[in-house]
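Kindly return the folded structure for what I paste below:
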Amino acid sequence: MKIKSDWILPDLKAAQKRTKKAVPYINHFELEDYVRYIGKGKKYYISTFGCQANQRDSETLAGILDAMNFEPSESPEKADVVLINTCAVRQNAEEKVLGEVGNLKRVYRENKDLVIGVCGCMAQEEKLVHTIIDKYPQVRLMFGTHNIQNLPNMLYKVMYQHERLIQIYSKEGEVYENLPVHRFGNNKAWVNIMYGCDKFCTYCIVPYTRGKERSRTMDEILKEVNELKNDGYKEITLLGQNVNAYGKDLSADYDFATLLAKVAETEIPRIRFMTSHPWDFSDAMIDAIAKYDNIMPFVHLPMQSGDTDVLKKMGRRYTAESYKTLFDKIKNRIPGVAISTDIIVGFPNETDEQFQHTLDMVNYCKFDNCFTFIYSPREGTPAAKMEDTIPMEEKSKRLAILNQTWNKYALEKNKQYEGKVVKVLVDGPSKKDPSTFTGYSPENKIINFTGENIKAGDFVDVYIERAKTFSMDGKALCYNKNK
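Predicted structure coming up:
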């Protein structure tokens with residue numbers, strides 16, 4: 001298909017650039033009169049793939065659509081605008097998105113006024129955008145991670161000027177404050193503290209799709225946290241591609257450890273954060289987590305590999321030994337801490353010995369939870385250009401061995417909770433069994449339990465009767481709605 005002159009297409013080379021230019025901070029959002037009511041009598045549906053950052057972006061998309069007088073729909077078939085907010089981290093995520101886009105062709109055939117939009121990280125990939133342009137004409141709107149705030153004007157052009165619009169910026173990015181937000185939960189909330197990433201791990205597309213590291217000011221973050229606390233939220237998760245790099249780009253005398261302490265002092269009941277990079281995990285961070293009871297004793301610490309040579313090829317900036325040292329510090333200084341991790345198997349030319357080093361590290365750390373993946377090449381990243389001689393059959397075999405190993409330790413860790421009482425923040429009834437409630441312990445363990453007169457947002461003391469690999473079962477003893 002012919003590329004239109006007014007389309008803005010992604011450029012990975014441009015997305016890779018980093019300068020020392022000051023990050024623009026934009027704290028004013030106002031709808032023009034001509035877009036304020038275009039959603040009157042219309043509905044929207046948002047489908048979200050990927051990480052918590054994508055979920056938080058979808059809350060902003062929903063907030064903007066609410067401000068335009070759209071109403072949410074329970075299904076794409078009943079919507080006038082369908083937005084698919086995408087993830088680009090692995091190939092299977094792309095396949096799922098394209099599958100959903102393909103399924104929407106039938107809905108579009110029945111309603112030619114339907115606006116189907118693809119946005120988020122996947123929209124920042126050159127090859128993927130050309131695939132959608134050529135093979136999925138039902139997609140009438142594409143935009144990336146840097147211009148969510150322009151959704152009203154983009155929708156107007158598609159809906160009223162009947163344009164197919166592609167507007168994807170490849171740049172370092174800005175920080176936008178005071179954008180509308182439609183929170184998807186009433187008790188737990190995500191709070192962005194920074195955007196982007198400058199680490200450029202050789203396998204990762206995120207620095208290209210999300211721009212450079214840019215931090216919000218601490219005042220703005222604390223303002224948001226206090227508003228959430230006043231609105232009755234019980235738990236917040238501080239979000240960033242690498243939260244412990246927070247503040248490094250600001251000419252300020254604070255860092256992530258400082259922010260953690262200040263957020264804890266708001267006395268919001270529960271605080272979590274995602275995700276940490278071992279390179280930036282400081283002693284001051286460990287001290288802050290250990291000091292404040294409302295900072296949950298849970299750390300997600302991506303290892304990726306237990307072999308130093310593979311870590312070097314990955315561009316991870318730490319060795320297997322330094323990771324082990326950091327792991328020991330966290331375990332020794334934070335009482336009762338649970339640690340989860342990410343691990344990639346089958347990185348280009350990973351040897352049997354190198355994979356064994358990863359298993360050795362898992363046997364040493366005995367993680368509470370692991371997110372494990374077969375390496376997925378991302379076009380435009382350095383690792384995608386590496387020659388790889390390891391057959392997929394061998395990679396799948398290694399993944400199975402790894403999963404069997406860490407599952408054993410996860411069950412052992414959970415078994416230690418049997419006969420104990422844990423405090424659970426209730427999410428609500430279980431999706432599988434409405435007579436059972438579900439929620440999370442401070443250590444981020446999934447707890448399913450029975451009880452009476454319980455509702456989402458309550459804190460419940462649960463006696464653990466049975467531990468499983470991925471969750472625990474128990475019964476409620478009593479609950480306190482505030483603590």
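
So what's the residue count around the residue nearest to Gln55 when sequence neighbours are not counted?
Leaving aside its sequence neighbours, Gln55 sits nearest to Thr48 (Cβ to Cβ, 6 or more residues apart in numbering; 5.6 Å). C-beta coordinates here come from the backbone N, C-alpha and C atoms, glycine included. Using other Cβ atoms under 10 Å, Thr48 has 20 other residues around it.

Tell me how far stretch 357-367 lies from the chain's centre.
Centroid separation between stretch 357-367 and its chain, computed with Cα atoms, centre = their mean, to the nearest Å, is 25 Å.

what separates the residue nearest to Gln55 from Glu74, distance-wise?
From Thr48 across to Glu74, the span is 15 Å (Cβ to Cβ, to the nearest Å).

Check Leu9 too.
34 Å.

Neighbour count for these two, which is higher?
A count of neighbours by other Cβ under 10 Å puts Leu9 above the other of Leu9 and Glu74, at 15 against 9.

show me the contacts for that one.
Leu9 makes contact with Ile3, Glu126, Val129, Ile166, Ile168, according to Cβ atoms under 8 Å, 6 or more residues apart in numbering.

Who are the packing partners of the lengthiest helix in the chain?
Longest helix in the chain, counting residues (DSSP state H): helix 392-415. For helix 392-415, the elements it packs on are strand 338-345, helix 352-365, strand 369-374, strand 459-467, judged by 3 or more Cβ pairs under 8 Å, 6 or more residues apart in numbering; DSSP states H and E.

is it possible to export these to JSON lines including mean pLDDT?
Supplementary listing: the helices and strands packed on helix 392-415 in JSON lines, determined by pLDDT from 0 to 100:
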{"stretch": "strand 338-345", "mean pLDDT": "98"}
{"stretch": "helix 352-365", "mean pLDDT": "98"}
{"stretch": "strand 369-374", "mean pLDDT": "97"}
{"stretch": "strand 459-467", "mean pLDDT": "98"}
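
For the ones you listed, state which one has the densest average packing.
Mean neighbour count (mean count of other Cβ atoms under 10 Å) peaks for strand 338-345 among the helices and strands packed on helix 392-415, with a mean of 22.

Hey, what's the angle from that one to strand 369-374? Just curious.
Orientation check (axes from the mean of the first three to the mean of the last three Cα atoms, to 10 degrees): strand 338-345 against strand 369-374 gives 10 degrees.

Strand 338-345 - contacts with which helices or strands?
Using 3+ Cβ pairs under 8 Å, 6+ apart, strand 338-345 sits against strand 298-300, helix 320-333, helix 352-365, strand 369-374, helix 392-415.

returning to that earlier point: among the contacts of Leu9, name the buried ones.
Neighbour counting with 16 or more other Cβ atoms under 10 Å marks Glu126, Val129, Ile166, Ile168 as buried within these.

Could you tell me which residues make contact with the first one?
It refers to Glu126. Glu126 touches Leu9, Pro10, Asp11, Leu12, Glu379, Gly380, counting by Cβ under 8 Å, 6+ apart.

what residues are up against the third one?
Residues near Asp11 by Cβ under 8 Å, 6+ apart: Glu126, Ser170.

how far away is it from Lys229?
Asp11 sits 42 Å away from Lys229, taking Cβ to Cβ as the criterion.

With the fifth one instead?
Separation of Glu379 from Lys229 (Cβ to Cβ): 43 Å.

Where does pLDDT dip in this structure?
Residue ranges of the chain with pLDDT under 70: 1, 478-483.

coming back round to it: inside helices: which ones of the contacts of Glu126?
Reading helices off those with DSSP H, I get Leu12.

What is the most widely separated pair among the contacts of Glu126?
Across these, no pair lies farther apart than Leu9 and Glu379, at 14.6 Å, counting by Cβ to Cβ.

which SSE is Val422 in?
strand 421-429 (DSSP states H and E).

residues near the closest residue to Lys42 other than its chain neighbours, how many?
Excluding its sequence neighbours, the residue lying closest to Lys42 (Cβ to Cβ, 6+ apart) is Asp80, at 4.0 Å. As a burial measure, Asp80 scores 20 neighbours (other Cβ under 10 Å).

What segments of this structure are helices?
Under DSSP H, the chain gives helices at 12-16, 33-36, 52-67, 91-110, 126-135, 151-160, 206-210, 218-230, 256-264, 283-291, 308-314, 320-333, 352-365, 392-415.

If you count contacts, what does the first one end up packed against?
Helix 12-16 makes packing contacts with helix 206-210 when contacts are defined by 3+ Cβ pairs under 8 Å, 6+ apart.

who does the helix it packs on touch, helix- and strand-wise?
Judged by 3+ Cβ pairs under 8 Å, 6+ apart, the packing partners of helix 206-210 are helix 12-16.
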